[in-house]
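Chemist: One predicted model, sequence on top.
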Amino acid sequence: MTTWHKRDWQQFYEIARRPWRRHRPPRPVYPTGLNRVLPAQGFSLSELDDAGVDLEQAEKLGLPVDAGRIGVYGPNVTVLRDFVRSSRSPV
């Protein structure tokens, strides 16, 4: 490992100061009890299907997918639709 020179630090801070070009992918949740949700490992295949996203597109967008999860949680589908719609529009 080599030490960084002044120019390396300048490039690092220049990149770090740039605004986000893409939105971060949403995190899926699942309901547990009354008015509680917990983070899930990934979106279920049914949620992706309801949002109109296939596995290849989900991989390109960086969405976590949990093939073992069963069922659909409505807010996850809504968030997915909004995320896909915002990722298509030019920023």
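Modeler: Ah, there it is.

Chemist: For the rest of this, base every contact and every neighbour count on C-alpha atoms.
Modeler: Will do.

Chemist: got the phi/psi numbers for the residue nearest the centre of the chain?
Modeler: Nearest to the geometric centre of the chain sits residue 25, at 1.7 Å (C-alpha atoms, centre = their mean). With angles defined as degrees, to the nearest 10, residue 25 sits at phi -70, psi 150.

Chemist: if you skip the residues just before and after it, what's nearest to it?
Modeler: The shortest distance from residue 25 to any non-neighbouring residue, by C-alpha to C-alpha, 6 or more residues apart in numbering, is to residue 63 (5.9 Å).

Chemist: Let's verify that neighbour: helix, strand, or coil?
Modeler: State at residue 63, reduced to three classes by DSSP: H, G, I helix; E, B strand; the rest coil: coil.

Chemist: wait, isn't it in contact with residue 26?
Modeler: Yes: with contact defined as C-alpha atoms under 8 Å, residue 63 counts as touching residue 26 (7.4 Å).

Chemist: For those two, work out which one has more neighbours and name it.
Modeler: residue 63 (20 against 16; other C-alpha atoms under 10 Å).

Chemist: can you map out the helices along this protein?
Modeler: Per DSSP state H, the chain carries helices over the ranges 6-17, 45-51, 55-61, 74-88.

Chemist: Out of those, which is the most enclosed?
Modeler: With neighbours defined as mean count of other C-alpha atoms under 10 Å, the helices of the chain peak in mean count at helix 45-51, which reaches a mean of 19.

Chemist: gap between the two ends of stretch 16-34?
Modeler: End-to-end distance for stretch 16-34, by C-alpha to C-alpha, to the nearest Å: 41 Å.
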